[in-house]
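Q: predicted structure and sequence below. I'll ask about it afterward.
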Amino acid sequence: MTGRFTAITGFRLVTADPDRLASFYQAIGFRRGATVPIAPAELAVLGLSGGGTRLTLTLGPGRLDLDRFDCPGAPCPAGATAADTIFQHVALVTSAASAAWQRAIAAGAAPISGDGPVALPASSGRVTAAKFRDPDGHPLEFLQFPPGANPAWPGVGMLGIDHSAITVADAGASLAFYEAGGLIEGKRTLNRGATQVRLDGLADVRVDVVPLNPPAMPPHLELLAYRTPLPRSDRRWRANDIAATRTVWCADHDALVPDPDGHFHQFERGG
């Protein structure tokens, strides 16, 4: 660990075609910002040669950057599921999950939750949720909280980014890594049963969900530790691979730090 996890300033997705992908995100409620070059110093931190551009999108207070690199990386691996350690979704808060789902599917999303939003039981927070992939394969989730259940998200429509969830092979090792960086474990749950099967699009799901809270939030992180099915691991990622989502943190220095499963955290000075 080379930094402290203080506040998430955004998330960065890799794409070969930012304009096409931005159109998808605009269709589900994001606002499009400027496109700028990625600085050579940042490319050096990422361990990449050549150049690149960054297109910024916003959803309420949340920020999502679409990064394109001159030297392309690997595509999302075929057949990867929510139980594989390459999985990282960005959870988007909405007051109307069914309407948001319909817009996403019409715009080209690929369902993970095959038949749309799922109302989870009290043991999982009574949220309504649906998982899907954008046209490049990046996983996303819609979250609709029960009325009054989460005062961080007042209002109607598409509201912002609540968290990012990452699948891990060893919850203990990952928890030790993140707690060493200053995150605080929240109330964990064991999600299972028919509703979780529908949400994840997998059979016989049993997954520990471990919230990890930074001093400033939202957003926060969540660990997904699948008991069944067992996670498949692939740690051979580079920062220009399509599946290599980066969580960006405000810091006093610049660095790229992988967690025990290879998920990237980008510490950014003044971010």
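A: Received it, and whenever you're ready, just let me know what you need.
Q: okay, now the closest residue to residue 48 other than its chain neighbours: neighbour count?
A: Counting by Cβ to Cβ, 6 or more residues apart in numbering, the nearest residue to residue 48 once its immediate chain neighbours are dropped is residue 240, at 5.5 Å. The C-beta positions use only the backbone N, C-alpha and C, and glycine is treated the same way. Close neighbours of residue 240, defined as other Cβ atoms under 10 Å, add up to 22.
Q: let me see the contact set for residue 136.
A: Residues counted as contacts of residue 136 (Cβ atoms under 8 Å, 6 or more residues apart in numbering) are 13, 15, 16, 21, 76, 242.
Q: what helix or strand does it sit in?
A: When elements are assigned from DSSP states H and E, residue 136 belongs to no helix and no strand.
Q: burial check on the residue lying closest to it once chain neighbours are set aside, number of neighbours?
A: In this structure, residue 136 finds its nearest non-sequential neighbour in residue 15, 5.2 Å apart by Cβ to Cβ, 6+ apart. Using other Cβ under 10 Å, residue 15 is surrounded by 21 other residues.
Q: again, but for residue 231
A: Residues near residue 231, counting by other Cβ under 10 Å, number 22.
Q: repeat that for the one 5 residues further on.
A: By the criterion of other Cβ under 10 Å, residue 236 has 9 neighbours.
Q: what about it, distance to residue 81?
A: 18 Å (Cβ to Cβ, to the nearest Å).
Q: is it true that the residue nearest to residue 48 touches residue 68?
A: No: with contact defined as Cβ atoms under 8 Å, residue 240 does not count as touching residue 68 (9.2 Å).
Q: quick check: neighbours shared by these two?
A: In terms of Cβ under 8 Å, 6+ apart, residue 240 and residue 68 are both contacted by the residues residue 14.
Q: picking up where we left off before, my read: the residue nearest to residue 136 touches residue 242, true?
A: Yes: between residue 15 and residue 242 there is a contact under Cβ under 8 Å: 7.0 Å.
Q: can you name the next helix or strand after the strand or helix carrying residue 198?
A: Secondary structure from DSSP H and E places residue 198 in helix 194-200. Downstream of helix 194-200, the next assigned helix or strand under DSSP H and E is strand 206-213.
Q: buried stuff in the next helix or strand after that next one?
A: Proceeding N to C from strand 206-213, the next assigned helix or strand is strand 220-228, under DSSP H and E. Judged by neighbour count using 16 or more other Cβ atoms under 10 Å, the buried positions of strand 220-228 are 220, 221, 222, 223, 224, 225, 226.
Q: next one: stretch 232-242
A: Those buried within stretch 232-242 under the rule 16+ other Cβ under 10 Å are 232, 237, 238, 239, 240, 241, 242.
Q: how far out from the middle of the chain is that stretch?
A: Between the centre of stretch 232-242 and the centre of its host chain there is 15 Å, according to Cα atoms, centre = their mean, to the nearest Å.
Q: now the end-to-end length of that stretch.
A: Stretch 232-242 stretches 18 Å from its first residue to its last (Cα to Cα, to the nearest Å).
Q: give me the below-cutoff pLDDT ranges for this structure.
A: Within the chain, the ranges that satisfy pLDDT under 70 run 1-2, 235, 271.
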